[in-house]
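A.B. asks: can you look at this prediction? I've put the sequence above it.
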Amino acid sequence: QVQLVESGGGLVQAGGSLSVSCAASGRTFSGVAMGWFRQAPGKEREFVAAISWSGRSTGYADSVKGRFAISRDNNKNTVYLQMNSLKPEDTAIYYCAATSRAYYGGSDLSGYDYWGQGTQVTVSS
């Protein structure tokens, strides 16, 4: 079992930056692949970014590539999502996800077994 708790969401103006974090507990963090997903009102949950156990492999949705950066600190059992040049369309609840089944979870929701409760990110125009 892995427990995930997100933090750091909030309100920011378009063009601004925000960082969200996800603290994990319950098993060895270095053996868990992590991902970030988001869900806007009336839309399906979508992939944002993913990172492998070691942090050496990362992947991003096209919509955030070049603006967002995922990273992890295995000593702190935490994964981060740095969001820059934010746009109103980035407004959503951001969820972190985890899996111990694979080195890298990928972009599919089914690749993840554990989910946090989410943190709201709102970008005003």
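C.D. replies: Now that the structure is in, tell me what you want to look at.
A.B. asks: spatially central residue in this protein, please.
C.D. replies: The centroid of the chain falls nearest to residue 36 when counting by Cα atoms, centre = their mean (2.3 Å).
A.B. asks: and the residue nearest to that one when sequence neighbours are not counted, what is it in contact with?
C.D. replies: Of all residues not flanking residue 36 in the chain, residue 48 sits nearest, at 4.3 Å (Cβ to Cβ, 6 or more residues apart in numbering). The way it works is simple: take the backbone N, C-alpha and C, and place the C-beta from them, glycine included. Residue 48 makes contact with 35, 36, 37, 38, 60, 61, 64, 68, 81, 94 under the criterion Cβ atoms under 8 Å, 6 or more residues apart in numbering.
A.B. asks: the fourth one reaches residue 46, doesn't it?
C.D. replies: Yes - between residue 38 and residue 46 there is a contact at 6.1 Å, judged by Cβ atoms under 8 Å.
A.B. asks: and these two? Which one has more around it.
C.D. replies: Comparing residue 38 with residue 46 by other Cβ atoms under 10 Å, the one with more neighbours is residue 38, at 24 against 14.
A.B. asks: which SS class is the more buried one?
C.D. replies: Assigned by DSSP: H, G, I helix; E, B strand; the rest coil, the conformation of residue 38 is strand.
A.B. asks: that one and residue 68, how far apart?
C.D. replies: Computed as Cβ to Cβ, to the nearest Å, the residue 38 to residue 68 distance reads 10 Å.
A.B. asks: please apply the same query to residue 25.
C.D. replies: According to Cβ to Cβ, residue 25 and residue 68 sit 24 Å apart.
A.B. asks: neighbour count winner among these two?
C.D. replies: More neighbours surround residue 68 than the other of residue 25 and residue 68, with 19 against 11 (other Cβ under 10 Å).
A.B. asks: coming back round to it: ok, the residue nearest to the centre of the chain - contacts?
C.D. replies: Counted by Cβ under 8 Å, 6+ apart, residue 36 has contacts 20, 22, 48, 49, 50, 70, 79, 81, 94, 95, 96, 97.
A.B. asks: right, I'll leave it there.
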